[in-house]
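**Q** Sequence below, structure please.
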Amino acid sequence: MDGYPVVTWNSYSQAQRLLPPKYRLAKDLPHELQDRVNALPQSYRHSHQATVLFEAMIDEAMDDELGAPPISIINEVTDEGAPPWEFVYTNQMWYGEGVPAPDIKNLKSCGCVGRCDPKSKTCGCAKRQRQHLKRYIANGTIPSTWNGVPFLYDNKGSLQFFEMPIFECNDFCGCDEDCPNRVVQRGRRYAINIKRTEFKGWGVFNGPKKIPGGSFVGIYAGELLTVEESDRRGALYNKFGRTYLFDIDFHYMGAVATYSVDAYHAGNFTRFLNHSCDPNCEIVPCYINEANMEKPLLTIFTKRDVDPSEELSFSYIGSIDKDTAKNAKKNKDAVYAECHCGSANCLGVLFS
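**A** From the prediction side, this is the model:
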């Protein structure tokens, strides 16, 4: 066109793939604020000012979650002003040593205009999701008659099926931001509180409105580690009785982990989710700007409706039975603790 190149979305998208992917390194985690607060007298950390500062730290980290309701810190049990200042509040993943950069060159994307149609024969994202759902359709987990296939969300953005990977549209897709296959990336839509409990430390509680089942709650954010580094840290965490490690070892991967997420030094409100033997939330693997099947995001969705002020929880140990509980109680490591979830089917043990 008069000597000027014509730039289309496809040409722009392809050019962006040639650039180095943007991601954060764990070695660059900022900790100046935490160091300064921890250097202050305990009287300050137990003051209302500490509560206000902690909430401000959360607000500052929510620039990637625009429009999300605020998060409040509530403590009616002890004199602590806020949770321990031991981590950087972030909704992002921070890559540890030995973890490769996001694979965007092999990432499948769609060229759809407007909103993606799950019935489309040309949508690249629909094809990718359909490919990974074949086994679930074949065994009847997903009814072949369900009109939402292959996307796992309904037209309101609610997750319809658990225990299978989600493939959302990504930054290189041509579809709009309100595409029905963009849910996780639009962020949290429900108010929650980080609240001190009597027996379980800090926990996460719903705000004033009911959260419908299948709703996105948050990403289990933190450091993305090799499993070797995770094992090294885990041995230490087990001894002093607190761990935030989560192995990425879903069944479709062969239940073998290559990477783990550690929310000890970096994370968001999801690190305060307590265990329950009858949880109302579940962790679901989700791929957005990553082609490497070993590195999904750990996304948290409600399994059922969650009442106002109800605590949100998930199972730390997946499916558990009485034999699991019996064996776990024999372990002397501090991290193996008595369960206080209070559910009718509580097995009495926190880890296996």
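**Q** Run a quick neighbour tally on N345.
**A** Residues contacting N345 under the criterion other CB atoms under 10 Å number 9. (Glycine included, C-beta is placed from N, CA and C.)
**Q** what's the pLDDT at it?
**A** Here, the pLDDT recorded for N345 equals 75.
**Q** Now do it against D278, distance only.
**A** Computed with CB to CB, to the nearest Å, the distance linking N345 and D278 is 6 Å.
**Q** Next, the buried residues of stretch 153-161.
**A** With burial defined by 16 or more other CB atoms under 10 Å, the residues of stretch 153-161 counted as buried are Y153, G157, S158, L159, F161.
**Q** out of those, which one sits closest to L224?
**A** The nearest member of the buried residues of stretch 153-161 to L224, counting by CB to CB, is L159 at 23.0 Å.
**Q** give me every residue that touches the closest one.
**A** Residues in contact with L159 (CB atoms under 8 Å, 6 or more residues apart in numbering) are L152, Y153, I166, V183, G214, S215, F216, V284, F301.
**Q** Considering the residues you listed, which possesses the most neighbours?
**A** By neighbour count, taken as other CB under 10 Å, the most surrounded of the contacts of L159 turns out to be L152 (28 neighbours).
**Q** so it sits right up against F161, yeah?
**A** Yes. Here L152 lies in contact with F161, judged by CB atoms under 8 Å, at a distance of 5.5 Å.
**Q** ok, residues contacting the helix or strand containing V52?
**A** Remark: V52 resides in helix 48-60, with elements defined by DSSP states H and E. For helix 48-60, the external contacting residues (CB under 8 Å, 6+ apart) are 33, 37, 44, 70-73, 75, 81-83, 85, 89, 268-269.
**Q** Name the residues of it that are buried.
**A** Judged by neighbour count (16+ other CB under 10 Å), helix 48-60 contains these buried residues: A50, T51, L53, F54, E55, M57, I58.
**Q** same deal with stretch 286-304?
**A** Buried residues in stretch 286-304, counting neighbours by 16+ other CB under 10 Å, are found at 286-290, 292-303.
**Q** so of those residues, which ones are in strands?
**A** Secondary structure defined by DSSP state E assigns C286, Y287, L297, L298, T299, I300, F301, T302 of these to strands.
**Q** Okay, the first one and L152: tell me how far apart.
**A** The one in question is C286. Noted for C286: a distance of 9 Å to L152, by CB to CB.
**Q** and if you look at the second one?
**A** Counting by CB to CB, the gap from Y287 to L152 is 12 Å.
**Q** do the fifth one as well
**A** The spacing between T299 and L152, counted by CB to CB, is 11 Å.
**Q** joint contacts of these two?
**A** Shared between the contact lists of T299 and L152 (criterion: CB under 8 Å, 6+ apart) are residues I166.
**Q** mind listing the helices for the stretch 101-250 of the chain?
**A** Along the stretch 101-250 of the chain, the segments classed as helices by DSSP state H, counting those that start in this stretch run 124-138, 227-240.
**Q** okay, the ones you listed, which one's buried deepest?
**A** With neighbours defined as mean count of other CB atoms under 10 Å, the helices of the stretch 101-250 of the chain peak in mean count at helix 124-138, which reaches a mean of 17.
**Q** that older thread, can you tell me which of the contacts of helix 48-60 end up in helices?
**A** Taking DSSP state H, the ones among these that sit in helices are L33, V37, Y44.
**Q** Mind pulling up the pLDDT for Y12?
**A** pLDDT recorded at Y12 is 68.
**Q** Surely F87 touches D262?
**A** No. Contact status for F87 versus D262: not in contact, 10.1 Å apart, counting by CB under 8 Å.
**Q** if you count what's nearby, which of those two comes out ahead?
**A** Between F87 and D262, counted using other CB under 10 Å, the more crowded position is D262 (24 against 19).
**Q** Give me the distance between that one and E228.
**A** To E228, D262 is 13 Å away according to CB to CB.
**Q** Near A15, how many other residues are there?
**A** The tally of other residues near A15 (other CB under 10 Å) stands at 10.
**Q** Quick check: it is in a helix.
**A** Yes. Under DSSP: H, G, I helix; E, B strand; the rest coil, A15 sits within a helix.
**Q** List the buried residues for stretch 248-260?
**A** For stretch 248-260, the neighbour count (16+ other CB under 10 Å) marks I248, F250, A257, T258, Y259, S260 as buried.
**Q** Out of those, name the ones that lie in strands.
**A** Using DSSP E, the buried residues of stretch 248-260 in strands are Y259, S260.
**Q** does the residue positioned nearest the centre of the chain have beta-bridge partners, and which?
**A** Among the residues of the chain, I219 comes closest to the average C-alpha position under CA atoms, centre = their mean, at 2.2 Å. Residues found in beta-bridge contact with I219 (criterion: DSSP bridges) are T299.
**Q** quick one: it and H340, what's the gap?
**A** I219 is 26 Å from H340, by CB to CB.
**Q** How about Q49?
**A** Spatial separation of Q49 from H340 under the definition CB to CB is 30 Å.
**Q** Over to E86?
**A** Here the criterion is CB to CB. By it, E86 lies 22 Å from H340.
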